[in-house]
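**Q** Structure for the following, please:
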Amino acid sequence: MTFILTNPLLTGLILVALVLLPTMIVITSQKHVRIIETFGKFSSVRHAGLSFKAPWPIQSASSDFSLKIKEISEEVTVKSSDNAFVTVPIRVQYRVSDHGAEGAYYKLDDPEGQIRSYVVNQVRGTASGMSFDELFQSRTHFEDGVEETLTEKMTSFGFRIENVLVDDPQPSEQLRKAFDRVIASERLKEAAVNEGEAAKTLSVAKANAEGEALEIKGKAWAKFRMDIAEGNADALDKFVGTTGLSPAEALTFFNSVNEMEAVRDAAQAGGQIVFVTGSAKASSSDPALLGLTAKAGQASTANTATKKPNGADENHA
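**A** As a prediction, the model looks like this:
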C-alpha cells in the first residue's frame, strides 16, 4: 500500500480505472435494448441484463430503447363516394421487431408520426371509393387494408404491426340529425300502422260483439214470443174447456176485454185521448158503442167549453 501511494504513476492509473470502470458497465432493463456505438458508429445491441463495453469515449451506450407494444389512436375524417363525411376511429398496436432495433433506432426520428401519416392516407384512400352504407359494413376491410400497408412500410424500419382495430364509423353532426329524423319518421310510420291495425281489430271485435249481442237479443225475443204464444194457447185451451165456448168466440171475448180496458184508460186521461176500436164500424144501433161514444164526446165538449182565449168562463160571457 505504501508503494502504491508513493508511486504517482500507479496511483494515477488506479484513479483513471476507478473513473472509467462505471462507463464500461451496461445494465439493460427487461423488454428494452441499448445501442452500443464505437466512436459514434453503430457497434452492437445489448439485450436485458448485465454486459460490458469499452470505456468512454471509445464506446457509448444509448438509454433504454423500448421493445414494448405501443398503441396509437387516431380519428380519421373521411368523405364517402356519396359525399357523406364520417369519422373513423382507428387504433394501431406496434412494436420494435426482434431483429429490427438498429433500424428502428436510426432510421425514423418520429415513428409514431410516420405511422399516423400512413394510417390517414390508407383510410382516406379506402373510404373514397365506398358509399356511406358500405363504410359501416367494412370494418374488416379497413383493418386489413391498414395492416397490410403499415406492415409493408414499417417492416423496413424495424417495426412490427401487431394489430389494427377499427371502431364503428361516427357520422357528422348534421348526418346524425338527418338519421335521427329518418328513424323518427320510420317509428311514427310504424306507430301509425300499429294504431290502424289496433283500430281495425277493435272495430272488427266491436262488430262481432254487436252481431253476437243482436243474435242473443233475437233469440231472447223469439223465446219471449214463443213463451207468450204458448201461454196464450194454454190459457185459451183452459178457457174454452171451462166455458164451453168455441175458440173463435173465446178470442172475441178476449178482444172485447182489451177494448174495454183501452176505453177505460182513455176516459181516465180526461178526454184528451180518443180511442177508436175496430168495432166502430159496427151498427150504430149497438147500445154499448153508442154509450161509449156519447160519453167520450161529452167529456171532450166539457173540457173545451171551460176554456176561452182570455181565460174567461163562457157562462159569464
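
**Q** drop to CA atoms for contacts and neighbour counts, all remaining ones
**A** Will do.

**Q** what about the helices in the stretch 101-250 of the chain?
**A** 101-106, 111-127, 132-136, 139-154, 173-243, 247-268 (DSSP state H, counting those that start in this stretch).

**Q** Export those helices to JSON lines and append columns for mean neighbour count, distance to A54 and mean pLDDT.
**A** Converted to JSON lines, the helices of the stretch 101-250 of the chain look like this (neighbours: other C-alpha atoms under 10 Å; distance: least, C-alpha to C-alpha, whole Å; pLDDT from 0 to 100):
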{"stretch": "helix 101-106", "mean neighbour count": "18", "distance to A54": "20", "mean pLDDT": "89"}
{"stretch": "helix 111-127", "mean neighbour count": "17", "distance to A54": "30", "mean pLDDT": "85"}
{"stretch": "helix 132-136", "mean neighbour count": "16", "distance to A54": "57", "mean pLDDT": "77"}
{"stretch": "helix 139-154", "mean neighbour count": "17", "distance to A54": "33", "mean pLDDT": "83"}
{"stretch": "helix 173-243", "mean neighbour count": "12", "distance to A54": "62", "mean pLDDT": "80"}
{"stretch": "helix 247-268", "mean neighbour count": "14", "distance to A54": "143", "mean pLDDT": "76"}
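
**Q** Please tabulate those in a markdown table, including the columns distance to S44.
**A** Output for these, formatted as a markdown table (distance: least, C-alpha to C-alpha, whole Å):
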| stretch | distance to S44 |
| --- | --- |
| helix 101-106 | 9 |
| helix 111-127 | 21 |
| helix 132-136 | 47 |
| helix 139-154 | 22 |
| helix 173-243 | 54 |
| helix 247-268 | 134 |
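
**Q** Which one, of those, ends up nearest to N7?
**A** Among the helices of the stretch 101-250 of the chain, helix 101-106 comes nearest to N7, with 45.6 Å by C-alpha to C-alpha.

**Q** what's next to that closest one, contact-wise?
**A** V33, I35, V45, F65, V96, P111, S156, F157, G158, F159 (C-alpha atoms under 8 Å, 6 or more residues apart in numbering).

**Q** Distance check, the residue lying closest to the fifth one once chain neighbours are set aside against S117.
**A** To tie it back to what came earlier, the one meant is V96. Excluding the flanking residues, the one nearest V96 by C-alpha to C-alpha, 6 or more residues apart in numbering is F159, at 4.4 Å. Separation of F159 from S117 (C-alpha to C-alpha, to the nearest Å): 15 Å.

**Q** Flag every buried residue along stretch 63-78.
**A** D64, F65, S66, L67, E74, E75, V76, T77, V78 (16 or more other C-alpha atoms under 10 Å).

**Q** where does the fifth one fall, phi/psi-wise?
**A** What that stands for is E74. phi -140, psi 140 (degrees, to the nearest 10).

**Q** So it versus I115, what's the distance?
**A** Separation of E74 from I115 (C-alpha to C-alpha): 10 Å.

**Q** tilt between the strand ranked longest in the chain and helix 111-127?
**A** When the chain is parsed with DSSP state E, its longest strand is strand 85-96. Angle of strand 85-96 versus helix 111-127, following axes from the mean of the first three to the mean of the last three C-alpha atoms, to 10 degrees, is 140 degrees.

**Q** Remind me what strand 85-96 packs against, helices and strands.
**A** strand 70-79, strand 159-166, strand 170-171 (3 or more C-alpha pairs under 8 Å, 6 or more residues apart in numbering; DSSP states H and E).

**Q** average pLDDT for that strand?
**A** Strand 85-96 shows a mean pLDDT of 87.

**Q** So what's the gap between that strand and the chain middle?
**A** 31 Å (C-alpha atoms, centre = their mean, to the nearest Å).

**Q** Kindly calculate the angle that that strand makes with helix 173-243.
**A** Going by the same axes, to 10 degrees, strand 85-96 makes 120 degrees with helix 173-243.

**Q** neighbouring contacts of strand 85-96?
**A** 66-80, 104, 158-172, 175.

**Q** same thing with stretch 61-79?
**A** 26, 28-29, 31-37, 85-97, 105, 112, 116, 120, 123-124, 127-128, 162.
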